[in-house]
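Enquirer: Model the structure of this input:
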Amino acid sequence: MSRRKAEAERTRDAILDAAETQFLTQGVSRTTLAHIAAEAGVTRGAIYWHFEDKAAVFHALLERVRVPLDEIVDDAILRLGNTPTQCLRAIAQCALSAICHNLPLQRAATIVLHRCEKLEDHHPRISVITQLSEHAKTEVEQLFEQVQKNGHLRPGLSPASARRQFHGFLLGISFNWLQDPEQFVLADEYESMVDTLMRGLLVESSA
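Expert: Below is the predicted model of the structure:
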C-alpha cells in the first residue's frame, strides 16, 4: 500500500472513530459533520472526500462492526446440537457475553438502541443488531422444535413463539444494560439471567 493510500485510510478511520464518539455523546440526528470534523481534527472537506454525507458516515460506521450471532449459533450447534436445551443456553450466554466484552459491538449497539432517532429507524444495518438473521431464526427455531419433541417445551408455547421470546429477552437485557452500564455488572449476572429465561420457556424439570 502506498504512503498516500495508507494516510487516506488512517484519515477515514479517524473520521469514523470521531463519528462514533459524537454519535454516542449526543445522538445521530444532533451530530453534524462539523462536530465530526472537529473531533477528528480534519476539515469538512476531508470528510466529503471519503463520504457523501452524514448518512454515509453512519452506514460505514455500522458496516465495520462484525455482529457474531450467526457464528455463536453455529458454534453452539456444532458443540451441543445433540442437547438442544444446553445449546440454547449456550447461545444466550455467548450472545450476552459478546455485548459485555466485544467493545466495537457494544458501542454500535448503544448507538443503534439509544442514540438513533426517527431518521435512522429504517437503516438496513440497524436490523443486523436488532433482529436475528434468517439463518439464526431458522436454527434457533429448529432447536426449540427439538426441545418440544423431547417434551421439554413449556405447554402452550410453539417453537416460533419460544424463538421470539428468546430473542426478545436477550434484546431487552441488552437494551436495559446499555442504557446505563454502571447500573449493574452484566458480566456477573448474565448466566443467572439466562437461567431465568430458560425456566420461562421450558417445563420445570428441564430448566
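Enquirer: How about the contacts made by residue 74?
Expert: residue 139 (C-beta atoms under 8 Å, 6 or more residues apart in numbering). Placement of C-beta: from N, CA and C, glycine included.
Enquirer: For it, what is the enclosing helix or strand?
Expert: Assigned by DSSP states H and E, residue 74 belongs to helix 69-80.
Enquirer: average model confidence for that helix?
Expert: Averaging pLDDT along helix 69-80 yields 94.
Enquirer: Tell me which residues of it come out buried.
Expert: The neighbour-count check on helix 69-80 (16 or more other C-beta atoms under 10 Å) flags 69, 72, 73, 76, 77, 80 as buried.
Enquirer: so who does the residue most central in space within the chain touch?
Expert: The centre of the chain sits closest to residue 129, judged by C-alpha atoms, centre = their mean, with a distance of 3.9 Å. Applying C-beta under 8 Å, 6+ apart, we find residue 129 in contact with 62, 65, 67, 108, 109, 112, 113.
Enquirer: Restricted to helices, list the residues you listed.
Expert: 62, 108, 109, 112, 113 (DSSP state H).
Enquirer: remind me, longest helix of the chain?
Expert: Assigned via DSSP H, the chain shows its longest helix as helix 3-26.
Enquirer: and the nearest residue to residue 155 once chain neighbours are set aside, how many neighbours?
Expert: Among residues not flanking residue 155 along the chain, residue 203 sits closest, at 7.5 Å (C-beta to C-beta, 6 or more residues apart in numbering). Neighbours of residue 203 under the rule other C-beta atoms under 10 Å: 15.
Enquirer: Same question for residue 6.
Expert: Residues near residue 6, counting by other C-beta under 10 Å, number 10.
Enquirer: Offset the numbering so it begins at 15, please.
Expert: Done: numbering now begins at 15, and the last item shifts to residue 20.
Enquirer: gap between it and residue 34?
Expert: To residue 34, residue 20 is 21 Å away according to C-beta to C-beta, to the nearest Å.
Enquirer: how about the buried residues of helix 83-94 in CSV, adding distance to residue 170?
Expert: Converted to CSV, the buried residues of helix 83-94 look like this (distance: C-beta to C-beta, whole Å):
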residue, distance to residue 170
83, 27
86, 28
87, 25
90, 26
91, 26
94, 26
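Enquirer: what ranges of the chain fall below the confidence cut-off?
Expert: Within the chain, the ranges that satisfy pLDDT under 70 run 15, 132-139, 142, 219-221.
Enquirer: and with 90 instead?
Expert: 15-22, 43, 69, 73, 76-83, 95, 126-127, 130-147, 218-221 (pLDDT under 90).
Enquirer: residue ranges for the helices of it, please.
Expert: So, for the chain - with DSSP H - the helices run 17-40, 47-54, 58-64, 68-77, 83-94, 98-115, 117-128, 140-144, 148-163, 173-193, 200-215.
Enquirer: I appreciate the help and will end here.
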